[in-house]
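Trainee: Pasting the sequence and the predicted coordinates here, then a few questions.
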Amino acid sequence: MIQDSAFYIRRICFDEDYCPSDNTRLTTNFANLARGESRQENLRNVLRMIDNRFNDLAHWDNPNGDRYSVEIEIVSVEIDIDSEGKSIRFPLIEMLNTTIVDKKDNKRIAGVTGNNFSSYVRDYDFSVLLLNYNKNRREFGVPANYGNLHGNLFKCAVNSSAYKKNFDKDPLICLSVSSNKTYLRTGNEHPVLGVEYQQSEFSLTDQYFAKMGMRARYFMPPGGVAPLAFYFFGDLLSDYSALEFIGTISTMESFQKIYRPEIYNANAAASDCYQPSLKHQDYSTTRIVYDRDERNRLAVAQGKYTEQSLIKPYRDMLEAWSENYAA
């Protein structure tokens, strides 16, 4: 069975010299940028984008727009699985951790962990299990207990002593909104997160994160052109400081401008009634090279790897543990 001591944390600096480790999901945004002939230029440019956006949002007492810089670590959570003589250490999840460098006051300020989110088990659920389940169905559906195992593994990981020793706060994850849903602007406006949007029903990703114990809210930050989806435990607006929010926004909005420019680098801001579309044509591109086709192919390959390495050999134990954990 999975014990608290089964979880391990690895932290790797994400800078212009970053090279993906063997255990990193290559579909991850930061890993995709760090390969090929343009790798170092890509990394320099995205880090510059993040710093510029941070200073744009943290504009008070910052007359030259250069007071802050953001340092980023890749946080890998690994798990030891041991059952009936079979054992494996598996790369469970990856997130990003931000640290804010205040060059005016010469101090370092802790940001938040989360930001980006990637998971081999999630690849299996979305790119293998879900596709196979819907292969011969007339209407789209999800299998029974879909996302339960992943959700329980995630909750167990962030409540583990290994995670608590490394991080003081629960993770805050920031992703793109769904291109299959419509978002309506509300009258609620936060000074840093910006204008809040709501939707009539949750996306499959929202439902998946709910299995992880996280709720979703959607905000379009000042100067942004589309809302971002924020996934959190507790009380989003009370649990994090302004600079922590800005660290998350500047990091994830920059990645989304590269990965989904049709939405996050559009030439006009989202309307009051907004449906994101990857077919939108009025947008600008960055100078950063990103291979979306390769990302989609690798998601399937990594899902199959998870199936063969983790799900099939340990299925009975994992299902029994998950049911017991939920109870």
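Mentor: That came through fine. Numbering: from 1, shown residues only.

Trainee: can we go C-alpha only for contacts and neighbour counts from here?
Mentor: Will do.

Trainee: Let me see the ranges of the helices in the stretch 1-150 of the chain.
Mentor: Remark: helices assigned in the stretch 1-150 of the chain by DSSP state H, counting those that start in this stretch are 29-33, 39-57, 120-124, 130-133, 148-158.

Trainee: how about these, which one is nearest Lys257?
Mentor: helix 39-57 (9.8 Å; CA to CA).

Trainee: tell me which residues form a beta bridge with Arg185?
Mentor: Taking DSSP bridges, one finds Tyr197 as the beta-bridge partners of Arg185.

Trainee: tell me which helix or strand of this structure sits lowest on mean pLDDT?
Mentor: Using mean pLDDT, DSSP states H and E, the weakest-scoring helix or strand in the chain turns out to be helix 29-33, at a mean of 56.

Trainee: one step back: so which of the helices of the stretch 1-150 of the chain is the most packed in?
Mentor: Most buried of the helices of the stretch 1-150 of the chain by mean neighbour count (mean count of other CA atoms under 10 Å) is helix 120-124; its value is a mean of 24.

Trainee: where's that helix relative to the chain centroid, distance-wise?
Mentor: From the chain centre to the centre of helix 120-124 is a distance of 13 Å (CA atoms, centre = their mean, to the nearest Å).

Trainee: first to last residue in stretch 116-130, what's the distance?
Mentor: One end of stretch 116-130 to the other measures 22 Å (CA to CA, to the nearest Å).

Trainee: Name the surrounding residues that touch it.
Mentor: Applying CA atoms under 8 Å, 6 or more residues apart in numbering, the set of residues contacting stretch 116-130 from outside is 25, 28, 91-96, 142-143, 146-147, 150, 173-175, 252, 299-300, 302-304, 306-307.

Trainee: Now, of these, which are buried?
Mentor: Buried positions within the contacts of stretch 116-130, assessed by neighbour count (16 or more other CA atoms under 10 Å), are 25, 28, 91-96, 146-147, 150, 173-175, 252, 299-300, 302-304, 306-307.

Trainee: which residues does Gly234 contact?
Mentor: So Gly234 contacts nothing (CA under 8 Å, 6+ apart).

Trainee: sec struct for it, please.
Mentor: Secondary structure, DSSP: H, G, I helix; E, B strand; the rest coil: Gly234 is coil.

Trainee: For it, give its distance to Pro227.
Mentor: Look at Gly234 and Pro227: by CA to CA, they are 21 Å apart.
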